Structures are given as C-alpha cells and as structure tokens.
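Student: coordinates only, sequence not included:
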C-alpha cells in the first residue's frame, strides 16, 4: 500500500490597514493615483527626514490582536530590517522583530463539521514598500513610492493547518475579523491581503516535521489552493524518489500551475535587525486597551447566538448574513424597524445575494439603507405592491437607494384595490378572450393563466395577481 | 567698527538699533569669508546671492517689526549635514555632491523664523565621521590658530569659521564630541544639548540615538541665546522632548557659589596632555575661589565608553547611510551592468575610506551571530554608563572634564592611525551615550599657542547649570581671537570685495 502523507502548513499573512494616512507620514494611502504623487520626504527616504508613528495603526493592530485572542505587548518597539532593493527608499524597512505588538493568539475555524483552533505565533506592524515598474522595451525600471509607507500588519500562524481547505477557512476567518473591525478590505487581488505559505509534508503519524518551503506570489484563494496541492505533490514526489526537499523560497506561477525556486536557505539574507532609533517605544497601558475593547464590534460568533434568540431565522441564513458586518447590521436595523426578520432575511438571502453576484460586488458595498429595506418589506407584506413590482423596486433600491414608498407613489405602482375598476377590466378581458374562456370552462385549467396575464397587463401590473385569479374564477364559474 | 569681531548678540543689537543693516552685516562676513577661505577652507558652499537676498527680506521684517529677536539680521554658518532648502547639502561627501534638499532642518527653520541669515554650509568630516575634518571630500579645513593644524571634528568647518570670524556663530552637530572637541581645538564655545532638546528633523543622521544639533559661537552668551532659538519640541521628530525651560540665557549670571563640581579622577590620569590638564585645573581652582565646592570622584566604566560608542554609532550609521545608493538622488556611478553593480560602484566611488570603515564595522556588529556579542553588549554598557552618571549627579551639579586629551594635532597625523583617533574621543563620547548636555569653553592656550578648552557636563535638562559655570569661566579668561583674524581684517579692510551674484561653491570642481 502506498504511503500516506500529511501536509503541515503555516501562514504569513500581510494585511494593508485602512488608515487615511501612511504609517510614518501624513501622505494619503489611497490606491491608484499618478506615480509618486502620494509621497513626501519621509516615505521617499530623503536624507534628514524622520518617521512619526500613526496612532491609528497601533489601534487597528491592537484591535486585530484582541480579536485574534492575542497577548498585547505592553511595551513594543520597532526594529529596522536592512536590505537593499530600489522599492525600499531607505534600504531598510521599519518593522518589528524583538517586541511585536501581539503574540500567542488563535482563531477558531470550521472545516466541514469540525472546529479547530489555529494558533497565532505573533503579529507585527511594518511599512509597505513602493512598486517597481519594469519597462522591457527601454530596459529600465521606474519606482513609484505611492505605496511606500502604507501600514501593514503581518500575522504569523503556527504550523497548525493540514489542508488547503483549512488554510482557506483560516484566511476567510481572518478576513472576516479584520473586515468586521474595518481595519482593511482584505482584497487578495488588489494586494491588500497577501499570504505566504510555509509547507512541509511528513508520513502520516510521524511526529517529526519535514523540511519546509515558503511559497510567495499567491493572489487569490484559488491560487492558494492550487499552490498547496502542487507543492504537496512536488514534495511527496521528491521524497518518494529518494530525494530531499530543499529549504527554500519558491514563487508560484498560477498560469503554469508550478512553483519556481527563488532562493535557498544557504543564500538567505541576514537582515541585521536592530532597534529603530528614530522611534520611541510604544507603551500600551490597560486604559488604552480597555478603550479599544469597548469599541470592538460584536463578532459573528456572538451574533449567531443572539440571532437564534432574537430573530429566529434559519441557521444557514444567519451564517451568511453575519459573514459580513455590514450585511448583519442592515439585517438587524431593518428587522428592528419592520419587526419582520424572516422577510428581511429573505430579501437579503435571495435578491440581495443574486444582485451582488451579478454585479461582482462585496456585501460591504451595499448602499441601500436598512430603513428603505424595512419600508419595502412593509409595502410588500401589506399587499400594497405585488411581488414583481417589489422586485423591480428592490433593484432600483439596490442601485440607487431610493425610498420605496415615494418611488411606488411617484410611479403609480400601488396595487389597485378598487373592486369596481378591477371588475370592469376583468369583464373586458373575458369579453375579448372568448377562446381562452371556453378553453378554461372546457376544463383547461392553464387557460386561466392567460386571462390573469391579460388582466395584469391591462392593469399595468398594479393588481394583486392572487386577487385577480380569485375574481376570474368567481366570474367564470 | 569691525563687524566681524563682534559677538552675535552685539551684532544683533546694532542691527536692531539701526546702527547697521542686515545687508551690511552679510556683506562684511562675505568679504571676510572670501579673504579667509583660501587659508582655512571652512565652507563647502558660500551662498552669497541667497544671503544678500535674504538680508533684504529680513531688513524689511526688522523695519516692520516682524523680526525683533536678538538674532535678527545676524549671519550664521550651518554645518553641511543640516538640510537647507534649495541649497547644496553634501555632508562633505562625494555621494551628495549635487544634493539640494526640498526642506530645511527644523533647527535652521527656527533660526530663520528669528531672522538669522544663512551665509553658507560648513565643511565637516564626511557624514560627521571623524575628529579632524580631514575626511571631507572637499578638502581639509585648517585651524585658524595655526593652519598646519586640524580644527578638530567633525564640526571643524563650523568651529574654524567662528574662530576665523567668518561668521558670528554657527550650527554644528555632536554624535560623540563633534561640537565640543573642535570648539576646544579652535578656542570657541560650543554646546551639545540634552538629547531631544533640538529637533533632529533635517539633520542627516549618523548615529540617530546619539546625534544632537548645537550652537558654536565666540561667547557663552551667544551660545545660550542661539540654543534658546533652536531648541523646540518638534512633532516631526519622535525623539524630540517638550521641555519646561527654554530660557537658557537666564543662566548667564556667573554665580557659582555653592555649586558642587565633580572632577572624575579617571579623566585626569594617563593620556591627558599636561598643559591641557594644568589649564583646566587652574580654571577649576578659580571656580573654587568663586565659591564652588570641588571634589574628586571615580566615574567608573570610562574605558568601555569608546568601544560602546563605536559599536552603537557605526551600527546605526551602517543602516542610516544605506539610502545613499544612487537610485533616488546624489551621485550615481556610470557604466554599470545591472542593479547590484550600480549599488557597489556608486557606494565604492561615492564614500570615502572612513565612512566605508564605519559602515563595515556597523554591518559586522549587527550580523547574525555578532549582534548579541557586540551590539547588545554595547547597549548594556550604554545603560551602565548612564547609571554611573546618574549616581554622580546625585552628588554634583556639574562634572568638569577635558574636551580632548591634547590640543589640535597637525594635519595628516591622525588619519594614519584611526584607532588612536578614536581614543581621542574618550572625554566626549560618554556624554552622548548618556544623552547629557555638555559645553566647551576656552581656558587658554598651550605653549605652541593652540587653544585649550574645558568641558562642563550637566545632568539631563540641566543646561542652565553648565551655562552658568561656563559663563563664570569665561569671565575669568577673556576670549582671544587668533592672530589670523587681525591679518584678515587688514587684508580685506572690512570692505566687501565679494563677487555679488552667483553662488560660490568652493572647490566643487576640484575633483571629478
């Protein structure tokens, strides 16, 4: 029987924080912008310029640390990581090595039916580098320092994951926590969340850890999944072929679905870390931590428990809705206004998710207000508009956040409840559709649909189709 | 009236009272500079055009009452490692030979806010690494007292310029004695303030945890007045401190009655030139006569200060100087094949020998396997030295020490033996390691006619005590100008012979 292997994976996750300004200067962190327009002497490493720490970075980092059950370092420091590269204007990166802001935490993931704790070794703050643009025609490279000095946290896990699924669950959990905190939008494609995968394999049941490789350049969940599978296979093949796995850094090429060696352990860099003398230690006292704790949002786990008690919507719906803080808040506020949580949940689960998917949007990008969603639920539940009108109004609300009441009013979309008018229209429809009438009366139930359709058309959609159906039956019996 | 021999405060007063215009003051100093530079070479850049233009603006400000401080209209020379907006700032290095900053250092801005006028940038040891101003790419600066001797360093250009009356006062920087030692060699007054007192923003860093900007002038009063202006809490420098007292001139009383003065025995033993020792102890005796209480004591760990200093300063320097890589600004070597060769060639050609030596030393002590043994040990030594001073200051108000073991050596003598040059910093580096304030004040000359300075060291934030004592010393030993000043006065006749218009950059075409 073939030998069984276990994959051992640890992750280093970089997250760009959503501060207005950079970590050590007042420049904007906004993505895009003409090259070198969001720069100053500090983030371009001009001689004589000095860094000043952005307090918001510390607050976000502490908030993430607390949410990931970490110990917050009460006196933390920055260190310099020295290496030469043109995207790094000072040729050192201000980072943390000796006293990182948070340590020894964990997040809980759910994979299939099992729950598992993934331990977090440490989390530190650091600055991002600029971007190199290579002009192949001209054989030159140009540096854009707009991203230089954008704040990052790096979250280093313990090697606690055993499969691509667990890795994805861990990443999704981190992403959800950080988005709940508003600390980052965590978009892998845009680089605001980046993951390096440390992976080794060992024979099932073995306690020894195999030689690991580190894989970089993974910019989607799918790429991560494929890279893990690819690297696992590569390492197993090496071992089965009697060869040794080399400790090295590899670059994943998602198009070719193969990784290439970048540098081995032998030529690993010596970063010559030492304490950053231009910054003073950061003292984080209990009062500050308490203040940040008070501002922490209610996270998904707590929300799920409360939803069960207060709203009684299906567990599955609750899971989906609470996976985004924004959507959860929409749900809670709309339900509190209209007191119809199940209906609100339906609108979110069906129409909202459909439109999000259609437009390729994230739940955070939903722009309609909970008040308007509540109004729509009320209108629809009171029978003031029929379901197809309600969908139309919802689409309008989704794209432009219109007030459903006013919109229905202004466009005359209210269901006509005047029996006299309805009777007259139905009579006309019966008169001019003799074929359908006789079909129906001859036993073809389906023919009634034609008549309902004609009536609705004549009423310009403003009738309640159930009522039309009922009235037609009465008149034709 | 010889404008150039006035103190900064005297000159400022005359300008304030309209006895002199700012332009007249600037012209007089530019003329003196032109006469002195061929002999002394204090400056890397003289900004005649800019200074005269600025003099007009400042005069307008004085006339309108915008500038009313003691330094309004007074020229100043600035060490070439302090950024000056639009004005060449080289750190006396080839690698920054074409570098014009986009902003001015906070210390310079504070002076300009008070109406002082920058007339030029002074020569220094390359990136402030050296004790003689011989490591400059722009040639050696000569000591105005004897031009075959060095002025000391690294702020040798600033001190020589003040001594040669090329400017009434100057700014320097002090990482391990770079203000106090050349002040001693040039017979002028220089203050290294408590770490954090003057903003480091715009000071091109050498050893960030030790660097401080400070004033150099021909009187204690000038230095106190300038310190009052340049000291400020600066949000742009995280290590800057908000102090309670900035009124340093209030200490200019000369009252030393009851002042407890500690004399560290270890500083007056072997290695100290006997003439230097004699002059300093003579000044101490006079302070005693004025009512000070003098006592000898053992300041421990003295022998560890130099190695600790060179480890820490070089480690920080190796990282601070990494940004000079030819990518963004400054010198870039030509004909390079690829990025790494460009880095190597640019830095090999752009830096001088002493800078390379310290970058290598610093990189070494931070390398894996040496960090704990060298760098961490140095940091621990630093903490212990601070403790030794702390306990000394429980007993004494100030500590008296030499500023250097000898008077200024001859040009060419120090560089051949760097280790010996490093040991010359023995009396100054501890003060930087402990973050303390120190002042050098002249106490006489040796038999060769070279100046001797005395160093007064205070506890953190106690500049006022050392200013008070230094002022008393100054009253006892009147300031003497080098003979050269008289000769220069006669040769230039106090009249402007300066080319107007067109900034003069001395010797920048010398080596390419």
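Tutor: Yep, it's here. Computed from a predicted model, the values in this text were never measured in an experiment.
Student: For chain A, see how far away residue B:257 is.
Tutor: The gap separating residue B:257 from chain A is 38 Å, by CB to the nearest CB, to the nearest Å. Backbone N, C-alpha and C define where each C-beta goes, glycine included.
Student: swap in residue B:140?
Tutor: Counting by CB to the nearest CB, the gap from residue B:140 to chain A is 24 Å.
Student: give the contact list for that residue.
Tutor: Contacts for residue B:140 (CB atoms under 8 Å, 6 or more residues apart in numbering or on different chains) come out as B:41, B:132-134, B:150, B:411.
Student: Go again with 10 Å.
Tutor: B:40-41, B:123, B:132-134, B:147, B:150-151, B:156, B:411-412, B:415 (CB atoms under 10 Å, 6 or more residues apart in numbering or on different chains).
Student: now swap in residue A:337 and tell me
Tutor: A:344, A:370-375, A:377-378.
Student: So for those, which is the shakiest by pLDDT?
Tutor: Least confident of these in the model: residue A:378, at 86.
Student: picking that back up, turn the contacts of residue A:337 into CSV, including distance to chain B, neighbour count and secondary structure.
Tutor: Conversion of the contacts of residue A:337 to CSV gives the following (distance: CB to the nearest CB, whole Å; neighbours: other CB atoms under 10 Å in any protein chain shown; DSSP: H, G, I helix; E, B strand; the rest coil):
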residue, distance to chain B, neighbour count, secondary structure
A:344, 48, 27, helix
A:370, 41, 18, helix
A:371, 43, 15, helix
A:372, 45, 21, helix
A:373, 46, 28, helix
A:374, 47, 23, helix
A:375, 49, 22, helix
A:377, 52, 24, helix
A:378, 53, 17, helix
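Student: Spatially nearest residue to residue B:415, not counting backbone neighbours?
Tutor: Counting by CB to CB, 6 or more residues apart in numbering or on different chains, residue B:415 lies nearest to residue B:134, which is 5.6 Å off, once chain neighbours are set aside.
Student: Please verify my assumption that the one you found contacts residue B:182.
Tutor: No - contact criterion CB atoms under 10 Å: residue B:134 and residue B:182 do not qualify, at 11.9 Å.
Student: hang on, the earlier thing: from the contacts of residue A:337, pick the one nearest residue B:295.
Tutor: Using CB to CB, residue A:370 is the member of the contacts of residue A:337 that lies nearest residue B:295, at 77.9 Å.
Student: Double-check that closest one against residue A:336; I have them as touching.
Tutor: Yes - here residue A:370 reaches residue A:336: they are 8.1 Å apart, a contact under CB under 10 Å.
Student: Which one of the contacts of residue B:140 sits in the busiest neighbourhood?
Tutor: Comparing the contacts of residue B:140 by number of neighbours (other CB atoms under 10 Å in any protein chain shown), residue B:156 comes first, having 37 neighbours.
Student: pLDDT-wise, what's the bottom of the contacts of residue B:140?
Tutor: Within the contacts of residue B:140, residue B:415 has the lowest pLDDT, namely 80.
Student: That one and residue A:252: what is the separation?
Tutor: 53 Å (CB to CB, to the nearest Å).
Student: Same question for residue A:400.
Tutor: Relative to residue A:252, and taking CB to CB, residue A:400 is found at 42 Å.
Student: Also residue A:52?
Tutor: Per CB to CB, residue A:52 is found 37 Å from residue A:252.
Student: out of these two, which sits in the busier spot?
Tutor: Neighbours per residue (other CB under 10 Å) separate residue A:52 from residue A:252, with residue A:252 holding more: 23 against 19.
Student: quick one: buried residues of the biggest helix by length in chain A?
Tutor: In chain A, taking DSSP state H as the definition, the longest helix is helix A:221-240. Buried residues in helix A:221-240, counted by 16 or more other CB atoms under 10 Å in any protein chain shown: A:221, A:223-228, A:230-232, A:234-236, A:239.
Student: list the helices and strands that helix packs on?
Tutor: Secondary-structure packing of helix A:221-240 (3 or more CB pairs under 10 Å, 6 or more residues apart in numbering or on different chains; DSSP states H and E): strand A:5-16, helix A:164-181, strand A:193-203, strand A:213-216, strand A:248-253, strand A:258-264.
Student: angle of that helix against strand A:258-264?
Tutor: Interaxial angle, helix A:221-240 versus strand A:258-264 (axes from the mean of the first three to the mean of the last three CA atoms, to 10 degrees): 70 degrees.
Student: ok, residue A:118 - contacts?
Tutor: The contact partners of residue A:118, taken as CB under 10 Å, 6+ apart, are A:9-11, A:68, A:105-109, A:157-161, A:166-167, A:169-170, A:173-174.
Student: Assign residue B:139 to helix, strand or coil.
Tutor: Secondary structure, DSSP: H, G, I helix; E, B strand; the rest coil: residue B:139 is coil.
Student: neighbours around it, how many?
Tutor: 16.
Student: How about residue B:468?
Tutor: Other residues close to residue B:468 by other CB under 10 Å number 25.
Student: now do the one 4 residues further on
Tutor: Other residues lying near residue B:472 total 25 when counted by other CB under 10 Å.
Student: isn't it right next to residue B:290, touching?
Tutor: Yes - using CB under 10 Å, residue B:472 makes contact with residue B:290 at a distance of 5.9 Å.
Student: Need the residues touching each of the two.
Tutor: In contact with both residue B:472 and residue B:290: B:254-257, B:259, using CB under 10 Å, 6+ apart.
Student: hang on, residue A:450 in a helix?
Tutor: Yes - assessed with three-state DSSP, residue A:450 lies in a helix.
Student: What residues does it make contact with?
Tutor: For residue A:450, the contact set (CB under 10 Å, 6+ apart) comprises A:429, A:433, A:435-437, A:439-440, A:444.
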